[in-house]
Each structure stands twice: as C-alpha cells, then as structure tokens.
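>>> Let's see this in three dimensions:
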Amino acid sequence: MEGLFEINLQLFSVIGTIAFAISGAVVAMEEDYDILGVFVLALVTAFGGGVIRNLLIGVPVTTLWEQGVALKTALLSAFLVFIFPVSWIRKWKTWEAFFDALGLSAFSIQGALYATKMNVPLSAVMVAAMLTGIGGGIIRDVLAGRKPLVLRDEIYAVWGMLAGYAIGLGWAKSSIELLVLFVVVVAFRMLSVQFRWRLPRRSLRLHEKPVPKRS
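Model prediction:
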C-alpha cells in the first residue's frame, strides 16, 4: 500500500512539474527574459507551491534539493520550450489554460497526498492542496510583473481546495480514483475558463468626478 502511495505521489509530481515548468518558461519568454530567466521562472513555477506547502505543514524546505530528478525534469522541459520554434510556441499558447489546469490539478492532488501522509487535519489538507496548486503560479506572475492569475481570473484556487477536500475525506485513495479526480479538476478548471465562471467580487475603485472647466 505504501509503495502504491509513493507511485501515485511521484506520478502527479511529474505531471505537475512538466506542466508548470512549461508555463513558467513561456511566461518568461513573453517578458523577453534571457535563458537564465527562463530557467528561474520555470523552476519557481514548478516548485514554488511545494515550498510553500512544506512551510505550512512543517516539512524542511531543504527536502527540495533531494528531488534531483524533478529538478532535471523541470530544467529539461524549460530548455525544450526555449529552443522550440516560435510558431510552435504560439500554437501552444492556445493550450495555455489547459496546461495550467494540468499543473493545478496534479499539484493540488500531490499536495493533498503529501499532507495526508503527515496526518494533518482536513482543513490543512485543503490548504496544502490549494497552495501547492497555485503557489508556483503566484510567484511566477509576481516575478514577471503581472497580477497573479489566481487572484483575477476565472475560478482557480477553489478547484484545488476541492481536490484536497475529496482526498482528505478519503473519497479518492486508489490510483483509479485519483486519476478520476485529476480529470474532474482539469475539466472543471477548463469549464470555468470556457464559461468565465467567477467568484463574487467588489471593487473599491472610486471613479473620480470630472473637474468642471472654468470659463
């Protein structure tokens, strides 16, 4: 059982790492960063959420350096994107939301699995899932000088929390159940993009009254 758990954990880690590394690399190139900037943005997007999660549940951040294969996977993904023809990347842009959904779903599930392994409460599992799923994207957008996608776009973080809720309650344990949950989260994220589902919001921007012209 423990071996199966580790396989599931690694599978979703690889999916999320590749998807978010690609996302970070593309954003870096959109902002005209050099190859070092591409690698940096790819790495923080792929691992930023995991670092935040580890801080939350009390896991040493230094465990990041034990993930040699994951680091190499992220760097390789970023390098391949960097050398791809521009025309290919532009076509990929039409799939940007889909890759982002893959990363969100995979890392939310991975974060929730990691938290349940630490025997933390359900609320902590949900928060760990959400932060693992959105943390890297927030850091990516901040470093790129953009408003974080998760705070301004269609429903995003909620799907990560729901993945954590399902895993925390034990609704998804087997590989098949986790795969179904993965597909469900991706599907709901894409539906929220397609139909522009948004959470309630209020604006405190005060529209300045035009100053009357003096005659």
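
>>> going forward, measure contacts and count neighbours with C-alpha atoms only.
Will do.

>>> List the buried residues in the helix or strand Leu113 falls within.
Assigned by DSSP states H and E, Leu113 belongs to helix 96-117. By 16 or more other C-alpha atoms under 10 Å, the buried positions in helix 96-117 come out as 96-116.

>>> again, but for stretch 7-21
By 16+ other C-alpha under 10 Å, the buried positions in stretch 7-21 come out as 8-9, 12-21.

>>> Looking at those residues, which is nearest Phe182?
Proximity of these to Phe182 (C-alpha to C-alpha) peaks at Phe12, which lies at 8.9 Å.

>>> Give me the spatial nearest neighbour of the closest one, chain neighbours excluded.
In space, and not counting its chain neighbours, Phe12 is closest to Ala106: 4.9 Å by C-alpha to C-alpha, 6 or more residues apart in numbering.

>>> now the angle from the longest helix along the chain to helix 96-117?
With secondary structure taken from DSSP state H, the chain has its longest helix at helix 2-30. Interaxial angle of helix 2-30 relative to helix 96-117 (axes from the mean of the first three to the mean of the last three C-alpha atoms, to 10 degrees): 140 degrees.

>>> which sections of this protein are below the confidence cut-off?
1-3, 92-94, 153-154, 206-215 (pLDDT under 70).

>>> hmm, back to that, name the helices or strands packed onto the longest helix of the chain?
Secondary-structure packing of helix 2-30 (3 or more C-alpha pairs under 8 Å, 6 or more residues apart in numbering; DSSP states H and E): helix 35-57, helix 68-83, helix 96-117, helix 122-143.

>>> Can you tell me what sits against the third one?
Yep, that's helix 96-117 we're talking about. With C-alpha atoms under 8 Å, 6 or more residues apart in numbering as the test, helix 96-117 has contacts from 9, 12-13, 15-20, 23, 50, 53, 57, 124-126, 128-134, 159-161, 163-164, 167-168, 178, 182-183, 185-186, 189-190, 193.

>>> thinking again about what came up before, next, format the helices and strands packed on helix 2-30 as TSV and append distance to Arg152.
Shown next, in TSV, are those (distance: least, C-alpha to C-alpha, whole Å):
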stretch	distance to Arg152
helix 35-57	18
helix 68-83	26
helix 96-117	14
helix 122-143	11
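
>>> how about those helices, which one is nearest Ala172?
That would be, of the helices and strands packed on helix 2-30 and by C-alpha to C-alpha, helix 96-117, which comes in at 9.7 Å.

>>> The helix holding Leu113: how far from the chain's middle?
In terms of C-alpha atoms, centre = their mean, to the nearest Å, the centre of helix 96-117 is found 6 Å from the chain centre.

>>> likewise stretch 30-49?
Averaging C-alpha positions (C-alpha atoms, centre = their mean) puts stretch 30-49 14 Å from its chain's average.

>>> likewise stretch 6-24?
10 Å.

>>> For that stretch, which outside residues touch it?
With C-alpha under 8 Å, 6+ apart as the contact definition, stretch 6-24 has outside contacts at 38, 41-47, 70, 73-75, 77-78, 81, 96, 99-100, 102-107, 109-110, 113-114, 136-137, 140, 175.

>>> how long is stretch 190-204 from one end to the other?
For stretch 190-204, the first-to-last residue distance is 29 Å (C-alpha to C-alpha, to the nearest Å).

>>> Report the buried residues of it.
190, 192-193, 197.

>>> For Ile89, which residues are in contact?
Ile89 makes contact with 26, 81 under the criterion C-alpha under 8 Å, 6+ apart.
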